[in-house]
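sequence unavailable; structure follows:
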């Protein structure tokens, strides 16, 4: 949108600069355009050219500072704050030594466009309304990862933001997408003990059998987090029973549900050996 501000001419100016224009505006820049008097002869030496000085107002100090000086009639002010109003004025200096300040003009930058950071921040704040607003903009990829390679769905699963998980899945979030370590949203929900999220993700197609780069599945991560309700749900729902270490009460549940106590983990240690080690540790601390 172009905003025109018509200005009066000083006496004797003869068709000199008369219109100041605000051109293209973004969330971080404002383009300013002004007119030059007719009949400028560029074959003349520079000292005979009309010079333009653009100044920006400091609203706090109520002063102006020079941000551009030259002979052109267009300048883009960069590195501005989004959704903020700025005030500028133009000073013209003619070869004769005459100079004139034109009235100031104000323009506002646009709001910052929605991006992945907005999506992640909405999840971190468990802000359902903001999450819906960002997703409705259709400008942000729902599975956009953050710097740690976690998607918004993974973050919501870790926080137990059940309604956020449902909203993200409704907008196309991939329930089986993995991060750089091979973990998916279901594993993260299991580790943090969010049973409602675990139930929902599994109902949407999240796989029990999926494993991360260390070979651990959802059942391993439920046990690693020490969450009995989640572990019991996984077993009752048919998740493959595995042997886990360092959690006596969880090993007992697994054995009661048909786990083979002689199967070894990746370190070559069986459940029986882990149980004996745990027992020795308890006796050592109690003596």
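Received it, and whenever you're ready, just let me know what you need. Predicted, not measured: the structure shown is a model, and the values here were computed from it.

and the pLDDT for the residue nearest the centre of the chain?
Centre of the chain computed as the mean C-alpha position; nearest residue by CA atoms, centre = their mean is residue 117, 0.9 Å away. Predicted confidence (pLDDT) at residue 117: the value is 87.

surely it is in a helix?
Yes - with DSSP: H, G, I helix; E, B strand; the rest coil as the criterion, residue 117 is located in a helix.

how about the contacts made by it?
Not one residue lies near residue 117 by CB atoms under 8 Å, 6 or more residues apart in numbering. Placement of C-beta: from N, CA and C, glycine included.

report the separation between it and residue 100.
45 Å (CB to CB, to the nearest Å).

can you check residue 29 too?
Residue 29 sits 27 Å away from residue 100, going by CB to CB.

which residue ranges of the stretch 101-250 of the chain form strands?
Secondary structure of the stretch 101-250 of the chain (DSSP state E, counting those that start in this stretch): strands at 105-108.

for it, what spans make up the helices?
116-124, 128-136, 152-159, 162-170, 185-192, 195-203, 218-224, 228-236, 248-256 (DSSP state H, counting those that start in this stretch).

do you know which of these lies nearest residue 67?
Closest approach to residue 67 among these is made by helix 116-124 (29.0 Å; CB to CB).

and residue 149, backbone torsions?
phi 70, psi 30 (degrees, to the nearest 10).

and it, what is it in contact with?
179-181.

distance check, it against residue 180.
Separation of residue 149 from residue 180 (CB to CB) stands at 5 Å.

ok, now residue 140?
Counting by CB to CB, the gap from residue 140 to residue 180 is 21 Å.

more crowded one of these two?
Between residue 140 and residue 180, counted using other CB atoms under 10 Å, residue 140 has the larger neighbour count: 20 against 10.

the more buried one touches residue 115, doesn't it?
Yes - taking CB atoms under 8 Å as the definition, residue 140 is a contact partner of residue 115 at 6.1 Å.

so the closest residue to residue 33 other than its chain neighbours, which state does it fall into?
Excluding the flanking residues, the one nearest residue 33 by CB to CB, 6 or more residues apart in numbering is residue 21, at 4.2 Å. At residue 21 the chain is in strand, as set by three-state DSSP.

below-threshold pLDDT in the stretch 101-250 of the chain: ranges please.
138, 238-250 (pLDDT under 70).

which residues does residue 77 contact?
29-32, 56, 67, 86, 88.

could I get the residues you listed as JSON lines with distance to residue 203?
Converted to JSON lines, these look like this (distance: CB to CB, whole Å):
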{"residue": "29", "distance to residue 203": "47"}
{"residue": "30", "distance to residue 203": "50"}
{"residue": "31", "distance to residue 203": "52"}
{"residue": "32", "distance to residue 203": "56"}
{"residue": "56", "distance to residue 203": "57"}
{"residue": "67", "distance to residue 203": "58"}
{"residue": "86", "distance to residue 203": "52"}
{"residue": "88", "distance to residue 203": "57"}
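
nearest to residue 160, of those?
Among those, residue 29 lies closest to residue 160 (CB to CB), at 41.1 Å.

verify the stated contact: that closest one with residue 81.
No - at 10.9 Å, residue 29 and residue 81 do not qualify as touching, with contact defined as CB under 8 Å.

and this protein, what are its domain boundaries?
As assigned by automatic domain parsing, the chain contains the domains 3-108, 116-236, 241-287.

what's the first-to-last distance across the longest one?
I take that to be domain 116-236. End-to-end distance of domain 116-236 (CA to CA, to the nearest Å): 37 Å.

report pLDDT for the residue nearest to residue 54 when sequence neighbours are not counted.
In space, and not counting its chain neighbours, residue 54 is closest to residue 68: 4.1 Å by CB to CB, 6+ apart. For residue 68, the pLDDT comes out at 95.

quick one: residue 68 is in a helix?
No - counting by three-state DSSP, residue 68 is not found in a helix; it is strand.

just to revisit the earlier point, go through the domains of the chain and pick out the most buried.
Between those, domain 116-236 has the highest mean count of neighbours, a mean of 19, where neighbours are mean count of other CB atoms under 10 Å.

starting at the chain centroid, how far to it?
17 Å (CA atoms, centre = their mean, to the nearest Å).

check contacts around residue 146.
Residue 146 touches 116, 120, 155, counting by CB under 8 Å, 6+ apart.

this completes my enquiry, with thanks.
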